[in-house]
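> No sequence on hand, only this structure:
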C-alpha cells in the first residue's frame, strides 16, 4: 500500500511551494554530472557543488545537468533560484510521490515521471522518480539516486553517434524520455514472462499460493497503470504544445514516443485482462480438481454403505433367522454383495459419474 | 446509508432559496473569527455577532471571516444580505448535504466541499461541510463546527510565514482548499494502512468478519468518491475561469491543487480495485481452506468404510462360515485390512489427493 | 417488466402525430384547475371543460393550467389546437410511456418527466408521467391522475409566499420541477432505509428470500435510473437554451435544479453499487454459514467412523481371537477408542478445523 | 453465431463496388411495387420488370418504389445506373450483412437497417435487411423478401389518411423508418414477457435448462444491440444533416424517431442488466436449494453414526463385558441412544442448522 | 504472451531512427515485385535488388513496389533514402511489433497494420505486419514474408478488371487495405465457428479442458482487439485527412472501408461477450452436474445409515434382549427396515430432492 498513498504527513500545514524532501533517501550523497556539447565538441564534468552548474546557464551549447540525490534540498533550491524556477516546481522535484505530469512555463518545461526497473529474479517493479526541466539551451534532470539507465545515452553523446549532438536540448529531453519508456517494455516483458509461467502452472497443477501471486501481480499492474496512464497525456501535451522550446524537427520523434506509450498502455491493459482471466481459470481449476476428488471418495463410501448394511443384518442375534442355518447362505450373501457392488459401479459408470 | 441520501424531508414544499438549516447541529454556539491582514499588519478578532463582520466589507485589506456553526440561520441570512449573496447560495451554505461544487457569480465565487478527517483508531471517515465565498477582498468560510484543521493556516497568517500575507484573497482561498485536500491524503493513508493489514490477514488466516469489514471499507470508499470526484471539476473550473477575482499569479497554485485532487482520485480508485481484488482473494482463501478440511475428513471416512464392511462380514452369524474356524484367520483379516488401508492411502497420495 | 417496455401495440400502424392515449387510465374523469396570478392578485378556478382555459391564452398574467387525467384525448387535442402545439407534442402528452425529455419549439418549451412517489410500507416506486408546456405567459401541466404533490406549490401561490408571485411562468415551471425532484429524494431515502435494513439483516442472519428482495430492489433502481438520467440532459438543455421564454433571473434556480438531479443520480448509482456489494456479501455469508455446518457435521462423522470400525473388529466371530479372552480387554478397547477420539479432536483443533 | 459473422468468403478478392448478392435467398422472385402520389391522387402498380420504374424518375409526384427480393443482381444494378447510385451503394444494398448506417450523397441519401420481427411462440428474433434511398422525389426501398410490416403504411397512402399524402418523400422515408422502429418495440415486448416469465420461474423452481435459455436470450439481446445502437447515430445524422432532401417540417418527426430509438436502446440495455441479474439469482437459487438438501442429509447421517458406534460396541464379543449381564442394560442402551439422538437434534436446532 | 509484449531488448540504448530489424525472420530472401500501370498498360517485374525500383520514382504511371522480407535492413534503408522517408518511418517498417497506425507526412502517408490469417484446423490466428507508403505516384508495401493474400489484387491489376487501373495510387492503397480487412472477417468466421461448436459442447457435455480452450480463445480475441481497434482511428484519419495524395473520388471507398472495420470490431466485441457468457455457462454446468451426482450419492448413504444402525442394535450381545427370542422378530425387523427405507425415499421425492 505504501506505494499507493504515501507519507503526506510530512507536508501538511507547510506553506505551499516550500522546498521539503518527501520520500526515502536513496542516495548517499548528491552527485552532479554536467555534459556540455554541440555538434563539434563535448565537455563532461562531475561535481558535488550545485554552483558549478551556473556558468553553463547562458552558453549557446546544449547543457545536460544531471543531479543524483534529492535529500540536500538547499542545492535544489539554489538551482531553482538561479534558473528562475517556480517554487512549486522545486517542491514537485523534491516530492518523489508525484503523479507523472508535464507543466509548461514561459521559459521552461517541467516533466516529472517514473523510471521503472525490474528487480532481479522477481516481477516486483522498482520505481524511481525523475524530474526533467527543458530550458532554452539546457536540460536539467533530477534523480533520486545514481542510475545506469541513462548511461547508454551518455555514450551516444560522448561518441557523437546518431543525431543527438546535431540537435538541440528538446531532442535531448526526447532521448531521455525514450530510454525511460524503453525500460517500461523491459519491465512488462518480465511480468509477461511471469504471467506465461503462471498460465502453464495453472494448466498443469494449480497451487494455493498461485492465488496470492496473481493478486500481487495485479497490484503491481495497478501500480504500473498509475505510472503510465498520465504519461500519455503528458507526452501528448508535449507534442502538441506550441512552445518555442520544442523544435518542429523533434516533433516526429515525440509522436513516436507517444506511440510507444500507447503500446505500453496496451500491454498493461492486456496483462490486466489476462490476469483476471487467470483468476477465473485458477478458481475453476481448483474447484474441478476438488470435485473430482470428492466424487471418487463419495462413490467409494456409497458403494460400501449398503454392503455394510447387509453384513449388519446377518450379524443380528435373533434366535430365529432361517438364512443363518442354510449351508451356502454365507457364500450366497458374498455373491449378492459382490453383485450389488458391481451393479452400483456399473450404474455410476453408465451415468458418467465415474 | 444516512450519509448517502439525507433528510431531504425538512425542505420539501418550502420555497426555493429559503434559509433552512439541514443537517445535524454539531456546534454548541456560533463562533465567528475575523482575520484582517495585508503584508505589513494582521488583526485578529473573535465574536459571536455577525454584524461585527460588516465593517470589514470595504476595507482594502484581505479579510477572512470564518463562521463555525450553521444552526443560527438568521446570522447567515444577515451576512448573505449584507454581502449581496444570492438566496440560493445562502440555502446551499445551510444545507450540509451538498454535493461539492463551485458557482461563479459576478461579484463572488461560491465553493462548497467536504472536510474529511479520520476518527481515531478506525478507518471510518468523518465528514464536515465547508462553504467558501471569495469576494473582492474577503473570504468567507462557513463550517459546521469548530475545527482545528485550519489552525496551521492561522499560524502562518499570524507569523507572516511564506507568501500568504503578500497575496490576495484568492491565494487565501487556495490555501484553505490546499489544507483540506492534504487531509484527504491523511484519511486515505489510514484506509491504506487498514487495507494493508487486511491483505496480511487474508494471506494468513481469513476470518469470517473480514468480509463485513471489507464491505464497510467499500462503503467508506464509495462515500469518499462522492466527495472527491466533483471536486475535480470544481477546481478545474476555478483554475480556468476568467474571473477578476482570481489573480493570474495564483493560477500555478490552483493547477497544483488540481494535481493533488487527481492524486486523491487515483488513490481512491486504486483502493477500490484493491478491495475488490481482496474480496476475490478472501472468498477463494475461505473456499480453499474449507476444501482442505473436507478432503482430509472425507479421506479418513473413505478409508475406514471398506474396512468396517470387512469387519461386518466376519461379524455375521451364519452357521457355516469356513474362515471363522481357521486358526490364523483373525490375524489374516487384520493383515488384509491394514493392507487395504495402506493401499488406499498410497493410491490417494499418488493421485495427489492427500 | 411491464414498466420497462410497454404496450406499444396500441400505436403501431397509426399515423404519427395522432392523438391516442397510451397507458392505464388512472383518473375517473378529467379535472382542470386554473391559476391566474400576478404579483398583486391570484384567481383560482376548477372546471371540467377544456374550453374554459382558452380565454386565459392572451392575458398578461401568469396562468397555470393543470389537467388531471389524459384519457379524454379530444380535450387534449383541442387544447393543442388552440395553443398551436405540434401534433407530435400532443401525441407525447398522451403517451404515458415517454422517456423524460425536453423539446424546444419557437413559441413554447415542452418537458415530459416522471413524478415518483413511494408506496406506503414498501420500497416499490409508483410513477406517473407529467408533461409541462411553458408558453409566453402560461404553464400547462398534464398529469395522469389527481396528485397532491403540487399542493404545497398551490398554497405558496395562493398565499403569495416566497418569490413565486413576483416572477414569470418560467419560474413556475422551475417550481414544479423542483417539487418533483424533491420527491425523488423522498423515494431514494425510502430505498436507502430498506438497503440499510438489508445490510443489518445480512450481518446477522441471511435469509433465502433476501436474495429475491435484493433482486427486486435492483429492478426498482434500474427503473429509477431510466427516469433520472435523461432528466439530467433535459434540465441542462433548459438551463443553457437561449429561449426568450426563460428569464435570466431564473437561470441560477435552474442550475440549482441541475445540481439536485446530479445528487439524485449520485444516490441512485451509489445504491446500485451498494446493492451489488450486498449480493456478494449475501452469497458469501450463506456459503460461510453452510461451510460451518458441513464442517462440524463432517468432523462428528469422521471421529466416529474409525471407532465404529474398531467395534466392528471385535464383533467378528472368529474362533481364535486372543484379545477376546483377556480380562480387561473390553476396558482396554474403550480406553483406546476414547484416546483415538480425543486425539483426532485435538488434531482437528490444532489445525484450526474446529 | 452465423448471425454475428457471416459468409464473407463469397466476396473476398472481388473488386470493390461489384454487385454480388450476399445472404440467403429468401424470396422466390423479385416483386416491384410502385406508389406514385401527391395530395390529390395516388397511382399504384406492381411489376416484375425494373425498367417499369424508370419513367417515374422525373415526375414531380412522390414515388415509392419497393423491391422485394435481392437475388437478381442485374435488376438492382440497372436501377443503380438509371438513378446514378454509387457502385458501393449498390454493393451495400445487395450485401444483407450490413451494419445499420446512413450515407449522405449529393443527390440522394442511403439508409440501411434491420427490420425485426418476432417468430411466433418464441423469443427468437427474425431479422431482414431493408435499404432505403431518398432521392429528390422518390424513395426506393429494397427488402430481402415480401413483408407485411409496411402494409399499414400502404393503406394510409391509399386512403390519404394523416399527413402522408400532403408531404414529400422525406416524410415517406420517416414513415417507413417509424414503422420499422415500432416493430422493435413489439420484439422487445415479447422478450420482456419471456424475461418476466423467467423471473417467476426462478422465484419458484429453478430448472437446469433455464440457464441455457437465459444464455440464448442474452445472445438474442447481443444481436439486437448490434442492430439498434448504430441506428442511433444514423437517425441523428439524418436529423442534423443540412441536405436539401430533408424538409425542415419533417425535422420534428425525425427528432421523435430519434427519441424512440433511444427508448429502444434503453429497453435493450435494461433487459441486459435484468438478464445478468437473473443469472446471479439462478445460480444462487440452485446453490441454496442444494445446500438445503445436503444439510438435511448430512444431519441424518451425523445423528446415526454415533448411535451405530454404540450398537457396535455392545456387539463386540469380549468374554468379559459386565454390561452385557445386567438385566436392564439393553433398555438402558436404547434410552442412552435416544437421548443422544434427541440431544444432537436439539443442538442442531439451537444453532439454527435445521 | 510473446505476442503481447515483444523482444524490445534488441533496441534499448540504440539511437532512435536506427534501422534495426525487430522480429522473427520469416522469409528466406528479400523479394521485390514491381507493378507499373496506367489505364492502358501494365508492366510487371520481380527483382532482388532494391535499386531496380528507383527508376520508377518519377514516372507518371502508378507504381506498386512490394517488398517481401525485412531482414536485409540496408535495402530498406536505401529505399528510405531514395524516397526521402523519415528515419523513424524506416525504423517502424523494420520493427514488426508496431501497433497499427497511420502517419501523415508532407510527401507521403505511412500506414502500418497487421495482416491476419487463420492457421489450418485451428482457431489460432497468424499475424504478419505490413507497412504501406503512399507517395505521389507510387505505393510501397513491406511484408515480413511472401504472402498470397494480395494475389487476387495482382490478378485484377493484370487483367484490368474493375476500376483499379483507372484510378490512382490512393485507390491502390485502399484496395490493399480492403483485402486485408476482408481476411479479418475470414479469421473471425473461423473463431465464430469454434465458439458455436463450444456452445453445443457446453449444452451437452462440458469437459474440463473446455475451460482452457475458452481461455485460449479469449487470449486470441484480446490479441485481435489490439490489431483492430487502432485501425479504426487510422482509417478514419485517412478518410478525413485533407492530403493531396487522397483523391476525393476515393473517399467513398475509404468510408466503406471504415464501415468494414467497425463491423470487425463489432464482431470481436460480440465474440468477447459470448465467451464470457460461455464461461459462466460452463462453470454452472459443471457445478450443476456435480451437484446432481453428490445429491444422489448422499441420498443412498443417508437411507442406509439408519438401517445399518438398526441392524447394529440387534447385533448387540446383551443377555437380556426380549426381541431376540420372538419368533417373527427377524422378519418384523426386515419389514420395519424396508418401511423406513421406502418412507425416506418417499419423503425425499416429495421434497423434490430426488
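Nice, thanks for sending it over. What you see is a predicted model, and the numbers here were worked out from it, not measured in a lab.
> so where's the stretch 151-300 of chain A uncertain?
The stretch 151-300 of chain A contains residues with pLDDT under 70 at A:208.
> Grab the nearest non-local neighbour of the closest residue to chain C within it.
Chain C sits closest to residue A:294 of the stretch 151-300 of chain A, with a gap of 11.4 Å, by C-beta to the nearest C-beta. Backbone N, C-alpha and C define where each C-beta goes, glycine included. Setting aside the residues directly before and after it, residue A:294 is nearest to residue B:298 in space (C-beta to C-beta, 6 or more residues apart in numbering or on different chains), at 6.4 Å.
> That neighbour against residue A:295, yeah?
No: the criterion here is C-beta atoms under 8 Å, and residue B:298 misses it with residue A:295 at 10.5 Å.
> Looking at these two, which one has more neighbours?
Set residue B:298 next to residue A:295 and count neighbours by other C-beta atoms under 10 Å in any protein chain shown: residue B:298 wins out with 21 against 17.
> and the more buried one, that one's in a strand?
No: counting by DSSP: H, G, I helix; E, B strand; the rest coil, residue B:298 is not part of a strand but helix.
> got a list of what it touches?
For residue B:298, the contacting residues are A:293-294, A:297-298, C:298, by C-beta atoms under 8 Å, 6 or more residues apart in numbering or on different chains.
> count of residues packed around residue A:55?
Residue A:55: 11 surrounding residues under other C-beta under 10 Å.
> what do you get for the one 3 residues further on?
Each residue near residue A:58 was counted by other C-beta under 10 Å, and the total is 10.
> Name the nearest residue to it, ignoring sequence neighbours.
Excluding its sequence neighbours, the residue lying closest to residue A:58 (C-beta to C-beta, 6+ apart) is residue A:137, at 7.9 Å.
> Same check on residue A:348?
residue A:354 (4.8 Å).
> Could I get the average pLDDT for stretch A:331-344?
In this model, stretch A:331-344 has a mean pLDDT of 94.
> now, which of the contacts of residue B:298 sits nearest chain D?
Closest to chain D, out of all of those and judged by C-beta to the nearest C-beta, is residue C:298, at 7.4 Å.
> For residue E:348, see how far away that closest one is.
Applying C-beta to C-beta, to the nearest Å, the value for residue C:298 to residue E:348 is 21 Å.
> before we move on, what about residue A:94?
With distances taken as C-beta to C-beta, residue A:94 is found 74 Å from residue E:348.
> which one of these two has more residues nearby?
residue A:94 (23 against 18).
> What's the local residue count around the residue nearest to residue A:348?
13.
> Find the helix or strand that the residue in the stretch 201-350 of chain A that chain E sits nearest to is a member of.
Of all residues in the stretch 201-350 of chain A, residue A:312 sits closest to chain E, at 3.2 Å by C-beta to the nearest C-beta. Element membership of residue A:312 [criterion: DSSP states H and E] is helix A:251-313.
> got the angle for that helix vs helix C:251-313?
30 degrees (axes from the mean of the first three to the mean of the last three C-alpha atoms, to 10 degrees).
> Please report the distance of the nearest residue to residue A:353 once chain neighbours are set aside from chain B.
In this structure, residue A:353 finds its nearest non-sequential neighbour in residue E:293, 4.9 Å apart by C-beta to C-beta, 6+ apart. Noted for residue E:293: a distance of 14 Å to chain B, by C-beta to the nearest C-beta, to the nearest Å.
> now do residue A:199
18 Å.
> Likewise for residue A:17?
Plainly put, residue A:17 is 7 Å away from chain B if you go by C-beta to the nearest C-beta.
> can you count the residues close to that residue?
Neighbours of residue A:17 (other C-beta under 10 Å): 17.
> in a helix, that's where it is, yeah?
No: assignment of residue A:17 by three-state DSSP gives coil, placing it outside any helix.
> Next one: it from chain D, what distance?
From residue A:17 to chain D the distance is 49 Å (C-beta to the nearest C-beta).
> Count the neighbours of the nearest residue in space to residue A:96 that is not next to it in sequence for me.
Leaving out its chain neighbours, the residue that sits closest to residue A:96 by C-beta to C-beta, 6+ apart is residue A:23, at 3.2 Å. For residue A:23, the neighbour count with other C-beta under 10 Å is 18.
> With residue A:24 instead?
Residues lying near residue A:24 (other C-beta under 10 Å) number 12.
> what does residue A:18 give?
Quick note: residue A:18 (other C-beta under 10 Å) scores 16 neighbours.
> Find the nearest non-adjacent residue to it, please.
residue A:91 (6.5 Å).
> From what I see, residue A:171 and residue A:248 are in contact.
No: using C-beta under 8 Å, residue A:171 makes no contact with residue A:248, being 11.7 Å away.
> ok, those two, which is more surrounded?
Taking neighbours as other C-beta under 10 Å, residue A:171 and residue A:248 compare with residue A:171 leading, 24 against 8.
> Check the secondary structure at the more buried one for me.
Quick answer, by three-state DSSP: residue A:171 is helix.
> same deal with residue A:243?
Secondary structure, three-state DSSP: residue A:243 is coil.
> Please apply the same query to the one 3 residues further on.
In three-state terms, and counting by three-state DSSP, residue A:246 is coil.
> so what's the backbone phi/psi at it?
Main-chain dihedrals, residue A:246, degrees, to the nearest 10: phi -100, psi 110.
> What of residue A:140?
phi -100, psi 130.
> now residue A:130
phi -130, psi 130.
> how many neighbours does it have?
Number of residues near residue A:130 (other C-beta under 10 Å) recorded here: 23.
> What residues does it make contact with?
Residues near residue A:130 by C-beta under 8 Å, 6+ apart: A:112-115, A:141-144, A:176, A:180.
> Dump these to CSV, plus secondary structure.
CSV is the format used below for these (three-state DSSP):
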residue, secondary structure
A:112, strand
A:113, strand
A:114, strand
A:115, strand
A:141, strand
A:142, strand
A:143, strand
A:144, coil
A:176, helix
A:180, helix
